[in-house]
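**Q** quick check, what structure comes out for this input:
(chains A, B, C and D)
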Number of protein chains: 2
Amino acid sequence: MLEKEKLKLKAKFFRGFADPTRLAILESLRSGEKTVTEIVQETGQSQSNVSNHLSCLLECGLLKNRRDGKNIHYSIRNAKVEKLLENSDIVLSEVYREIFECARYEE
Amino acid sequence: MLEKEKLKLKAKFFRGFADPTRLAILESLRSGEKTVTEIVQETGQSQSNVSNHLSCLLECGLLKNRRDGKNIHYSIRNAKVEKLLENSDIVLSEVYREIFECARYEE
DNA sequence: TTAACAAATCATCAATTAATGATATGATTA
DNA sequence: TAATCATATCATTAATTGATGATTTGTTAA
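**A** Next up, the predicted model:
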């Protein structure tokens, strides 16, 4: 694979984390497996929006899921993804002010 | 700060990594400090585009810079940011196929 | 086998953002 | 101080994407 393609892929990977709703989902799942309904309640987002982002996170390999009757339970794929979230918290705590003041992105 | 605001901020943080050009810059700087001209050459992107993304990465605290005569040298802010890049490489290597096949994002 | 519940999919709309080309700023050297 | 080199900024354009509401699929229980 070309270097250029690798970079696109890596960007795609990070984009999984680069949205408030997806992060809310990931944060919500850091305390353990949850159903879609529970995630909808916790995040306060619409069902369809949560579902969209769940598909996204699932497809990109950050989450896994399992059916249990009518419910589908989602959880963080593995310890390495959790580790990455912890790790990014550490870096984020260092650059908090800069990010806060950065006017480049609004959302 | 509200939980919602924190998530927006965190998303903003990850967005720094969520673009191929910005990643190309970050990758290029993993081997050490470089001038804008050098980064332009390495990435093959236009000067203005590189400059825009450099400002972005700088503002968000992922890079630092210093002037040296006519040149401005950019480098990765600190070891923790480097560590995060390494860490994400590890996770990425695990979810490579999923991301590759994920049709949600095109770029 | 129908009703109710849980979740996914689809089309549409609005907003965001990356890239481009042109121009401006700042530093050095002739 | 004029010319050149290095970088930043600006306005515009095109493409991407997140949110919404409606609909569909799938599962269980009445």
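**Q** what's the closest non-adjacent residue to A:Glu82?
**A** A:Ile76 (5.5 Å; C-beta to C-beta, 6 or more residues apart in numbering or on different chains). For glycine as for every other residue, the C-beta is placed from the backbone atoms N, C-alpha and C.
**Q** same deal with A:Ala103?
**A** That would be B:Glu59: by C-beta to C-beta, 6+ apart, it lies 7.6 Å from A:Ala103.
**Q** wait, what's in contact with that neighbour?
**A** The contact partners of B:Glu59, taken as C-beta atoms under 8 Å, 6 or more residues apart in numbering or on different chains, are A:98, A:101-104.
**Q** narrow these to those in helices?
**A** Within the contacts of B:Glu59, residues falling in helices by DSSP state H are A:98, A:101.
**Q** residue numbers of chain A in contact with DNA strand C?
**A** By C-beta under 7 Å from any atom of the strand, the residues of chain A that approach DNA strand C are A:35-37, A:40, A:47-48, A:51-52, A:54-55, A:65, A:70-73, A:104-107.
**Q** make a PyMOL selection of the buried ones in the residues you listed.
**A** Here is the PyMOL command that picks out the buried ones among these, judged by 16 or more other C-beta atoms under 10 Å in any protein chain shown:
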select buried, chain A and resi 36+40+54+65+73+105
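**Q** in strands, which of the residues of chain A next to DNA strand C appear?
**A** A:35, A:65, A:71-73 (DSSP state E).
**Q** a markdown table for those residues, including pLDDT and distance to A:Lys10?
**A** As requested, those are arranged in a markdown table below (pLDDT from 0 to 100; distance: C-beta to C-beta, whole Å):
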| residue | pLDDT | distance to A:Lys10 |
| --- | --- | --- |
| A:Thr35 | 98 | 31 |
| A:Asn65 | 97 | 24 |
| A:Asn71 | 97 | 34 |
| A:Ile72 | 98 | 29 |
| A:His73 | 98 | 29 |
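**Q** of those residues, closest to B:Asp89?
**A** A:Asn65 (25.6 Å; C-beta to C-beta).
**Q** list the contacts for the residue nearest to the closest one when sequence neighbours are not counted?
**A** Excluding the flanking residues, the one nearest A:Asn65 by C-beta to C-beta, 6+ apart is A:Tyr74, at 4.7 Å. Neighbour list for A:Tyr74: A:25, A:29, A:33-36, A:39, A:54, A:58, A:63-65 [criterion: C-beta under 8 Å, 6+ apart].
**Q** hmm, the helix or strand bottoming out on mean pLDDT in chain A in reach of DNA strand D?
**A** Least confident helix or strand, chain A: helix A:79-101 with a mean of 87, by mean pLDDT, DSSP states H and E. No: judged by C-beta under 7 Å from any atom of the strand, helix A:79-101 stays clear of DNA strand D, getting no closer than 14.2 Å.
**Q** understood, closing this out.
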